[in-house]
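> I would like to see how this sequence folds:
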Amino acid sequence: VGVLRENGMKVAIKVRRPDVAKTFEPDLSLLRLMVGLLNRFRSIEYLRLGEAMWEVEELAAEELDYRREADALRRMRKLLRPHGIKVPKVFLRWSTGRVLVMEFIEGVRVSEYLAMKRADPERVETWLAENRIDLQRVGRRLYQSFLRQRLEGHLFHGDLHGGNMILLRDSRVALIDFGSVGMQPPEEQMKFRRYLDAVRHRRYKTAAERFLKIFEPLPPCDLDDLRRDLYRVYRGWMADADVHELPFDIRSGLYLYERMSKLLAMHRIPSNWAWLRGARAEYTLYACLKHLWPDFNLEDETNRWFRGLQRRAARRAMKPASIRRWTNEVVAALSEIPRQMDNIEEDMGERMERYVLRFQSTTSKVSQSMAGLIGVTILGLSTFGLWLVTAGIHQHVLDLSGIRSWLLRSVASAPSLTIGEWMAAQVVLH
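Now for the predicted structure:
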């Protein structure tokens, strides 16, 4: 703790120990070696230890370089202000990679509150009344803020234990120690939102399918047993969540996360370490809510967050900046219509050319077939005409019965016709 000379403001000063980076590097090197060796075993590929190693290295970089924490403080202070969560102001002017100077926040840490509650419950109740602190409001604010951080914002506090939460007057709360901050990409946020939406509507089969999407790509194996197991876990947990007499661990997400983690390991589903980082923060938060707000109901609070999400989206849509952006997007889309029409016309022209060529190719084949058929017909008619001429000569001009030939033998069986009838038949054939 220190004081700024220019204004006498009380500040918290965080100083990194001189040799901590050198001490930590051998441990990281050993861990990299172990991960490299373990990755040779195909039986544990599903653990994705390479991703885990990357997460550990990122955590180490965040913890050892205070410039990263200073940036996280600055960004999270702006992000959490609408949540009613206080974040200390960072003084970049006096902060470096080894020293972090920030506003000192007067209050009581949740861990200190819990210790005092066990030692002197009556004194704690008096302190809560004097400072107008409603622990249910505090717990709700913490949980709703975490969901907004993880599923709406770009960053979330990754270490929500009691030592990093400070109780303030009038049920306000502050968060400190942003050395561990997670990021949730928009596509991952959408997957988790859709999963939570299925859970809160008790569509257990859909929830199981959407939960597995978080861990894609999945291994090429039969997942029907896992889906059935997840369905049973969701159904059983939702039934227990409404029984207030059951322990907090069973009613809350603590039990749900434990069961799902065991199922994933049992069925050898690859780990999603980025998701697990957020799950770890939520799990730690549940451990605090267990003491701050024993009546916490996960389903009710999830529904509350979804309602808030809809209201915030509606408010953002009505802001002048959003209206201008939408207007610009509509104008841009309208200006693209002529070019799109040209593209469509060109595309349709190319398709028509392909259809014409295909039709011509088909027509050529049909023409060839018809030509062959006509040729065979003409040959047959010519042969028949020759046969008629021969039969007419045999009957009226010259007896050809003495000549041995299959044609003349068939001529002998021809019907007897007059000269005029033979001539008419020849005219018709020609």
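> where in this protein is pLDDT low?
In the predicted model of the chain, residues 24, 43-47, 322, 326, 329-389, 391-430 satisfy pLDDT under 70.
> can you rerun that using 50?
Residue ranges of the chain with pLDDT under 50: none are present.
> would you map the strands across it?
Shown for the chain, the strands assigned by DSSP state E span residues 2-3, 10-15, 85-86, 99-103, 108-109, 155-157, 165-167, 173-175, 181-183.
> distance to residue 277 and mean neighbour count for those strands - can I get that in CSV?
Heads up, the C-betas are built off the backbone N, CA and C, glycines and all. Compiled in CSV, those are given as follows (distance: least, CB to CB, whole Å; neighbours: other CB atoms under 10 Å):
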stretch, distance to residue 277, mean neighbour count
strand 2-3, 32, 12
strand 10-15, 22, 14
strand 85-86, 20, 21
strand 99-103, 22, 21
strand 108-109, 23, 16
strand 155-157, 9, 23
strand 165-167, 19, 23
strand 173-175, 17, 22
strand 181-183, 5, 20
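> TSV for these, including distance to residue 210?
Putting those into TSV (distance: least, CB to CB, whole Å) gives the following:
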stretch	distance to residue 210
strand 2-3	49
strand 10-15	40
strand 85-86	29
strand 99-103	39
strand 108-109	37
strand 155-157	20
strand 165-167	31
strand 173-175	30
strand 181-183	21
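> nearest to residue 265, out of these?
Each of the strands of the chain has some distance to residue 265 by CB to CB; the shortest is strand 181-183, at 21.9 Å.
> any idea how far residue 90 is from the residue nearest to residue 99 when sequence neighbours are not counted?
Once flanking residues are discounted, residue 99 sits nearest to residue 15: 5.5 Å by CB to CB, 6 or more residues apart in numbering. Distance from residue 15 to residue 90, counting by CB to CB, to the nearest Å: 15 Å.
> now do residue 142
Taken as CB to CB, the span from residue 142 to residue 90 is 22 Å.
> and for residue 293?
30 Å.
> please apply the same query to residue 29.
Applying CB to CB, the value for residue 29 to residue 90 is 32 Å.
> just want to know which of the two has more residues nearby.
Using other CB atoms under 10 Å, the more surrounded residue of residue 29 and residue 90 is residue 90, with 23 against 10.
> quick check, residue 256 in contact with residue 237.
Yes: here residue 256 reaches residue 237: they are 5.1 Å apart, a contact under CB atoms under 8 Å.
> so what's residue 163 closest to, chain neighbours aside?
Residue nearest to residue 163 in three dimensions, not counting chain neighbours: residue 111, with 4.7 Å by CB to CB, 6+ apart.
> good, we can wrap up now.
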